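> just a sequence and a predicted model for now, questions to come.
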Amino acid sequence: MREDSIEGSSCAEFDCLFTRCVQLYYSGQIRSGLELSADAVRRARAVGDKAALRKLLTTHAIFQSHLHNLPQAFETFSEALDLSSETQEPLHLFIHWHNISAALVYAELPRLAESAARAALEYASQISCSRVRQTARGLGLSNLAYACLFTKAYGLGLRSSRLALELLDCEKTSGASPSNVDLANLVLALTIHARLLLRVNMLEEAERCLAKAKALSTRASSPKLTTLVVEMSCALMDTYCGNFDRGVSRLLEFVLSEETPSPVLIADAHRDLVEAYLAANRPQFAAEQVRQLGRYMQQVRSEVALFHHRRHLGWLASIGEHSVPPVERDPFTRSRGETSLTNERSVVLEDLCAAAELHDDPSGMHSHRVAELARLLAFRAGIGKSESDRVAFAARLHDVGKIGIPPAILSKPGNLDLGEAEIVRSHATAGAELLALATIDDMAIAVARHHHEWWSGRGYPDGLAKDEIPIAARITALCEAFDAMTHDRPYRPRRTVASALDVIAESAGRQFDPDLSVTFCILVRDLQEAHGDLDNHLQGSAKRSGFLMAKERFSQHIASLGV
């Protein structure tokens, strides 16, 4: 939340609203900030103040990303970028790409975050005012360094963070007296630099870096969020420097305390614990912490998903009563002619599911392809059109439980250990429980729970066999397995369509329903003959996803910059 440090307000009313949003952000009152920023966006939209709307949309997207809602954050950022593109003001474009990069790091998509950070730096270099350009470049480099913590590109991270510190230390570079926001930006950059130093075992320099961060934090009367980041970094430092038990104890406090305001910070503390145990050569404790992180993420991400889902239901009710579109669905809200009310009710969960898939399927379209295959297979298997549509709807949500799986596990290139495999398997029950709490269609609940059951009874979570497995789950299991096999995954390359169909034929009567397997293989061959490019045919419904549309636009924009 750094726009206030490098851009003026558009009018008094919206400036006050923006300032209040900044205060809520830094004090850790993220949900209150989400509601206030949503209201501010509605007001700016109503009066047609484009400058205020652009600024407040960016603010609103930041709150969305902190509450683990990358899809709606992307849609909101995309609208803000449209407004900035009208003027092509480099400062505004920098601000958007800088915050998109941060949102991607929060979602643990560091490769995408690096690309977005480079786009931000490209626009920072075009800012005419030298002082503002310096600050923008420092912030952009700090974000790039933050992403490197996740990609383990420590050399690039350290080079970026060192330059960021030089640029953000305005007392040293220009002799100017720093504002509290300037100091807060420098403090956060120091903590990122210190964490990178710890990763390469440069302990003394890391200790000096954190001492400076702590001193500046006190001097600036830093808000809660910044202070907590410093304290967490110091606790991690303890684990490296001989105070292991004290550091671990402090990190556990952050994990368990209600005083830690942001889900992003709590996840960071969990990852710090894993790192601490690994650095101390205590792999068993690290494995247990991974399991704890998995349980935490299942609980918190499910709660957050329900929070966003229920807000969306409230907006649907508002549309019915007042004909006022919800801010989060503009400008990508689907018309009632394109989708059923049932699908519109579940759109938030569908998009969150697609976002979780980005960790093992960068396209985000896995669930859309599976859903279309399931619809076609159900219809060919003799299920009526309306029920086939229900099967497709259920299949689109089959992996919704993955929103609570730690991304590092989903994107792991090697084999999973037993603890990690246990966490991945939990997505079936977690997804079913989430859909039940969200009062989604019973068929979708059954598919989420049972799409990994085997015909032989050797699947999970309940060991159902043959016709005990709901037919919609048997259909989805075939379609999901085929799509996974025919697309690259972090742990293995894709198979050809022919090879995948051979595997399904060999597994018929053991993993898959034997009759459905025969029908499925014929269906896929017919689709290949009729359409050639299966993906292009199957993922048509993804074109109605505002999230995936925004993601594609961002990718094209980054490619056009050549960064």
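Thanks, I have the structure now.

> going forward, measure contacts and count neighbours with C-alpha atoms only.
Will do.

> toward the C-terminus, what is the element adjacent to the helix or strand of the chain with the lowest mean pLDDT?
Every helix and strand of the chain was ranked by mean pLDDT, DSSP states H and E. The lowest is helix 341-345, at a mean of 65. Downstream of helix 341-345, the next assigned helix or strand under DSSP states H and E is helix 347-357.

> helices and strands around that next one, which ones?
With contacts taken as 3 or more Cα pairs under 8 Å, 6 or more residues apart in numbering; DSSP states H and E, helix 347-357 sits against helix 70-87, helix 283-322, helix 366-380.

> format those as a markdown table; extra columns: mean pLDDT.
Shown next, in a markdown table, are those (pLDDT from 0 to 100):
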| stretch | mean pLDDT |
| --- | --- |
| helix 70-87 | 91 |
| helix 283-322 | 80 |
| helix 366-380 | 95 |
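
> among these, show me which one is buried the most.
helix 366-380 (a mean of 26; mean count of other Cα atoms under 10 Å).

> isn't Leu293 right up against Ala269?
No. Leu293 lies out of contact with Ala269 (Cα atoms under 8 Å); the separation is 9.5 Å.

> distance of the most centrally placed residue in the chain relative to Ala286?
Compute the mean C-alpha point of the chain, and by Cα atoms, centre = their mean the closest residue is Ala107, 3.1 Å away. Distance of Ala107 to Ala286, computed by Cα to Cα, to the nearest Å: 22 Å.

> before we move on, back to that, next up, phi/psi of the residue nearest to the centre of the chain, please.
phi -80, psi 0 (degrees, to the nearest 10).

> and it, what does it touch?
Counting by Cα atoms under 8 Å, 6 or more residues apart in numbering, Ala107 makes contact with 65, 68, 70.

> which pLDDT value goes with it?
At Ala107, the pLDDT value in this model is 87.

> and what of Glu35?
So Glu35 comes in at 94 (pLDDT).

> what's the local residue count around it?
By the measure other Cα atoms under 10 Å, the count of residues near Glu35 is 14.

> where do the helices of the stretch 51-200 of the chain begin and end?
70-87, 90-106, 110-124, 130-151, 154-168, 170-174, 180-199 (DSSP state H, counting those that start in this stretch).

> measure Pro490 to Pro362 for me?
10 Å.

> next: Thr486.
Applying Cα to Cα to Thr486 and Pro362 gives a distance of 14 Å.

> swap in Gly33?
30 Å.

> which of these two has more neighbours?
Using other Cα under 10 Å as the criterion, Gly33 and Pro362 rank with Gly33 on top: 25 against 16.

> secondary structure element for the more buried one, which one?
helix 30-47.

> give me the contacts around that helix.
In contact with helix 30-47 (Cα under 8 Å, 6+ apart) are residues 14, 17-18, 21, 24-25, 50, 52-53, 56-57, 59-60, 63-64, 66-67, 261-262, 327-328.

> buried ones only from those residues, please, as a PyMOL command.
Here is the PyMOL command that picks out the buried ones among the contacts of helix 30-47, judged by 16 or more other Cα atoms under 10 Å:
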select buried, resi 14+17+18+21+24+25+52+53+56+57+59+60+63+64+66+67+261+262+327+328
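
> okay, and which of the contacts of helix 30-47 map to strands?
Counting by DSSP state E, the contacts of helix 30-47 place none of their members in strands.

> against Met365, how distant is Leu83?
Leu83 is 28 Å from Met365, by Cα to Cα.

> now swap in Ala498 and tell me
Taken as Cα to Cα, the span from Ala498 to Met365 is 21 Å.

> more crowded one of the two?
Between Ala498 and Met365, Met365 has the larger neighbour count (other Cα under 10 Å), namely 25 against 13.

> show me the contacts for that one.
Per Cα under 8 Å, 6+ apart, neighbours of Met365: 354, 539, 542.

> repeat that for Ala430.
Contact analysis of Ala430 by Cα under 8 Å, 6+ apart lists 298, 401.

> ok so it is a strand residue?
No. Judged by DSSP: H, G, I helix; E, B strand; the rest coil, Ala430 forms no part of a strand; its state is helix.

> so that it lines up with my notes, have the first residue be 8 from now on.
With the count now opening at 8, the last piece we talked about shows up as Ala437.

> now it: how far from Glu429?
From Ala437 to Glu429 the distance is 12 Å (Cα to Cα).

> what's the answer for Phe519, then?
22 Å.

> who has more neighbours out of those two?
Legend: neighbour count by other Cα under 10 Å for Phe519 and Glu429, higher for Phe519 (25 against 13).

> for that one, name its beta-bridge partners.
Phe519 has these beta-bridge partners by DSSP bridges: Ala515.

> surely it meets Ile511?
Yes. Look at Phe519 against Ile511 with Cα under 8 Å: they come within range, at 7.5 Å.

> name the residues contacting each of these two.
Shared contacts of Phe519 and Ile511, counting by Cα under 8 Å, 6+ apart, come down to Leu485.

> where does the prediction get shaky in the stretch 8-157 of the chain?
8-17 (pLDDT under 70).

> can you rerun that using 80?
Residue ranges of the stretch 8-157 of the chain with pLDDT under 80: 8-18, 33-35.

> ok, now the stretch 158-307 of the chain?
177-185, 187, 226-232, 262-271, 296-297, 299-300, 303-304.

> change it to 90
158, 176-192, 222-236, 248-249, 255, 258-307 (pLDDT under 90).

> likewise for the stretch 408-557 of the chain?
Looking at the stretch 408-557 of the chain by pLDDT under 90, you get 410-427, 429-430, 446-448, 495-500, 538-540, 542-544, 546-553, 555-556.

> now do the strands in it.
With DSSP state E, counting those that start in this stretch as the criterion, the stretch 408-557 of the chain has no strands.

> helices along that one, start to end?
Under DSSP H, counting those that start in this stretch, the stretch 408-557 of the chain gives helices at 414-417, 425-444, 449-457, 478-492, 504-514, 521-538, 541-545, 553-568.

> save those as CSV, and put in distance to Arg166 too.
Below are these laid out as CSV (distance: least, Cα to Cα, whole Å):
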stretch, distance to Arg166
helix 414-417, 24
helix 425-444, 33
helix 449-457, 45
helix 478-492, 38
helix 504-514, 44
helix 521-538, 49
helix 541-545, 41
helix 553-568, 22
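
> closest to Val236 out of the ones you listed?
Val236 sits nearest to helix 414-417 of all these, at 21.3 Å, using Cα to Cα.

> list the contacts of that closest one.
115, 363, 366-367, 423, 427, 431.

> out of these, which is nearest to Lys231?
Glu115 (23.0 Å).

> check the gap between that closest one and Pro413 for me.
9 Å.

> of the two, which one has the most company?
Neighbour count, other Cα under 10 Å: between Glu115 and Pro413, Pro413 has more, with 25 against 21.

> not counting its neighbours along the chain, what's nearest the more buried one?
In space, Pro413 comes closest to Gly301 once its chain neighbours are excluded; the distance is 5.9 Å by Cα to Cα, 6 or more residues apart in numbering.

> just Leu384 next, same as before
Closest to Leu384 by Cα to Cα, 6+ apart is Phe527, at 6.3 Å.

> would you agree that neighbour is in contact with Phe386?
No. Between Phe527 and Phe386 there is no contact under Cα under 8 Å: 11.0 Å.
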